[in-house]
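> Everything below, folded, please.
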Amino acid sequence: MKDLKVEDYQVCYFIKRSGKEVILIDKISEHVICGQINNNPLDDLLNKMTTEYVPRLHGEQEWPEGVKKEF
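Model prediction:
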């Protein structure tokens, strides 16, 4: 087995925006946030959080305020 390096990692994730609605396949992009983290996972995640997800969550009305702050 070869030694894994940070550059070898890739993680895919899916976040459901609301637990109240049934997700239909033709509207999945409206209800699920998805993406992947490559290379250095902590650096990539931090970049995605600050540039993509934090701005989206500020407008989210259904998540409790405490959850949004922790996220």
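> Helices of this protein, residue ranges please.
Secondary structure of the chain (DSSP state H): helices located at 28-31, 41-48, 54-58, 65-70.
> Tabulate the ones you listed (JSON lines), appending distance to Lys20, mean pLDDT and mean neighbour count.
Where you see a C-beta, it was placed from the backbone N, CA and C, and this is true even at glycine. Formatted as JSON lines, the helices of the chain follow (distance: least, Cβ to Cβ, whole Å; pLDDT from 0 to 100; neighbours: other Cβ atoms under 10 Å):
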{"stretch": "helix 28-31", "distance to Lys20": "10", "mean pLDDT": "86", "mean neighbour count": "11"}
{"stretch": "helix 41-48", "distance to Lys20": "25", "mean pLDDT": "81", "mean neighbour count": "13"}
{"stretch": "helix 54-58", "distance to Lys20": "17", "mean pLDDT": "73", "mean neighbour count": "12"}
{"stretch": "helix 65-70", "distance to Lys20": "14", "mean pLDDT": "72", "mean neighbour count": "9"}
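> Just put these in JSON lines and tack on distance to Ile15.
Supplementary listing: the helices of the chain in JSON lines, determined by distance: least, Cβ to Cβ, whole Å:
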{"stretch": "helix 28-31", "distance to Ile15": "10"}
{"stretch": "helix 41-48", "distance to Ile15": "11"}
{"stretch": "helix 54-58", "distance to Ile15": "10"}
{"stretch": "helix 65-70", "distance to Ile15": "12"}
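> of all the ones you listed, which lies closest to Lys5?
helix 41-48 (11.9 Å; Cβ to Cβ).
> got a list of contacts for that closest one?
Defining contact as Cβ atoms under 8 Å, 6 or more residues apart in numbering, one finds that helix 41-48 is touched by 6, 9, 11, 35, 37-38.
> Can you list which of those residues are found in strands?
Among those, DSSP state E puts 11, 35, 37-38 in strands.
> Most neighbours out of these, which is it?
Neighbour counts for these, by other Cβ atoms under 10 Å, peak at Ile37, which reaches 17 neighbours.
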